[in-house]
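Trainee: Sequence and predicted model, in that order:
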Amino acid sequence: MAVLHKAEEQPNFVNNLLTTDEAGFTRDGVFNMHNTHVWADENPHAIWEHRFQRKFHVNVWAGLVGGRLIGPHVLPPGLNGVRYLHFLENVLVDLLDDIPLDVRQSVWFLHDGAPPHNAREVRDWLDHNYNQRWIGRGGPVLWPARSPDLNPCDFYLWGHLKQLVYATPVDSVEELVDRIENAAQTIRQNPAVLSRVQESLIRRARACLDNNGLHFEQFL
């Protein structure tokens with residue numbers, strides 16, 4: 001697996017890896033937008049079954065790097081290549097402002113193979129701004145398809161956010177966004193935990209290889 005090779009070549013690779021993902025938050029649950037991966041307390045494979053008369057939904061981007069939570073940022077509905085590129089050009093740059101310059105200059109960017117991520121203009125932008133230091137479909141380093149159990153955003157962040165956001169019922173989209181931001185602030189207070197979560201990516205990648213690419217979390 002290419003990520004393991006990079007980690008062996010560069011001791012600080014995991015610390016410099018910006019792992020990113022998007023998830024959809026509804027009135028009653030959160031799901032990964034691209035991997036049909038769902039977080040719920042009672043059943044990890046199904047969204048809570050509630051029947052509200054008024055439903056709402058927001059798409060959220062977030063990232064993890066060096067023990068820091070980047071974002072979250074609410075994306076426009078109907079994400080496509082053009083809108084994703086606008087996010088990279090105009091929002092991501094600001095979100096990374098608090099990261100020291102020397103770290104930013106060494107950051108590796110990781111995203112999955114969702115169609116908006118694979119747009120030609122997006123790949124060109126990443127090539128220009130990350131100088132071959134990005135991981136994803138069509139990139140210099142490939143990321144395994146359909147592998148939410150490898151991305152720290154998937155196997156940790158979204159589930160933790162969900163537990164905080166949905167502690168009590170949500171009544172409006174404005175309240176939902178506020179709760180997401182407040183939950184992020186809570187998570188941000190534990191950088192050591194976030195660092196350990198990111199470091200576990202390598203352990204998970206090795207377990208994935210040992211199990212021939214099949215589900216491996218039962219062996220962790």
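Mentor: It's in. Numbering: from 1, shown residues only.
Trainee: Where does the prediction get shaky in the chain?
Mentor: By pLDDT under 70, the low-scoring segments of the chain are 1-8, 30-53, 144-149, 205, 207-220.
Trainee: quick one, helices of it?
Mentor: For the chain, helices defined by DSSP state H occupy the ranges 2-9, 81-87, 93-95, 101-104, 120-130, 152, 158-165, 173-188, 191-210.
Trainee: could I get those helices as CSV with distance to Ala23 and mean neighbour count?
Mentor: C-beta: built from backbone N, CA, C; applies to glycine. Shown next, in CSV, are the helices of the chain (distance: least, C-beta to C-beta, whole Å; neighbours: other C-beta atoms under 10 Å):
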stretch, distance to Ala23, mean neighbour count
helix 2-9, 21, 15
helix 81-87, 15, 17
helix 93-95, 16, 12
helix 101-104, 24, 12
helix 120-130, 19, 15
helix 152, 13, 25
helix 158-165, 5, 20
helix 173-188, 10, 16
helix 191-210, 16, 16
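Trainee: Out of these, the one nearest Leu142 is which?
Mentor: Among the helices of the chain, helix 2-9 comes nearest to Leu142, with 5.9 Å by C-beta to C-beta.
Trainee: can you redo the helices of the chain as a markdown table with distance to Gly139?
Mentor: Shown next, in a markdown table, are the helices of the chain (distance: least, C-beta to C-beta, whole Å):
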| stretch | distance to Gly139 |
| --- | --- |
| helix 2-9 | 10 |
| helix 81-87 | 14 |
| helix 93-95 | 19 |
| helix 101-104 | 19 |
| helix 120-130 | 7 |
| helix 152 | 19 |
| helix 158-165 | 23 |
| helix 173-188 | 27 |
| helix 191-210 | 17 |
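Trainee: For Trp143, find the nearest of the ones you listed.
Mentor: The nearest among the helices of the chain, by C-beta to C-beta, is helix 2-9 at 7.6 Å.
Trainee: check contacts around Ile187.
Mentor: Residues counted as contacts of Ile187 (C-beta atoms under 8 Å, 6 or more residues apart in numbering) are 69, 157, 160-161, 164, 194.
Trainee: ok, now Trp108?
Mentor: Listed by C-beta under 8 Å, 6+ apart, the contact partners of Trp108 are 6, 13, 16-18, 130, 133-135.
Trainee: Could you rerun that using 10 Å?
Mentor: By C-beta atoms under 10 Å, 6 or more residues apart in numbering, the contact set of Trp108 is 3, 6, 10, 13-14, 16-19, 65, 130, 132-135, 140-141.
Trainee: Just the buried ones among those residues, please.
Mentor: Among these, those classed as buried by neighbour count (16 or more other C-beta atoms under 10 Å) are 3, 6, 13-14, 16-19, 65, 130, 133-135, 140-141.
Trainee: and which of those residues is nearest to Gln185?
Mentor: Val65 (17.3 Å).
Trainee: Just to check, the closest one is in contact with Ile99?
Mentor: Yes. Val65 lies in contact with Ile99 (C-beta atoms under 10 Å); the separation is 7.0 Å.
Trainee: Report the separation between Pro72 and Gln185.
Mentor: Between Pro72 and Gln185 the computed distance is 10 Å (C-beta to C-beta, to the nearest Å).
Trainee: before we move on, the earlier item: to Leu110, which of the helices of the chain lies closest?
Mentor: helix 2-9 (8.3 Å).
Trainee: quick one on the thing from earlier: which neighbours do Val65 and Ile99 have in common?
Mentor: Contact criterion C-beta under 10 Å, 6+ apart; residues shared by Val65 and Ile99: 18, 107.
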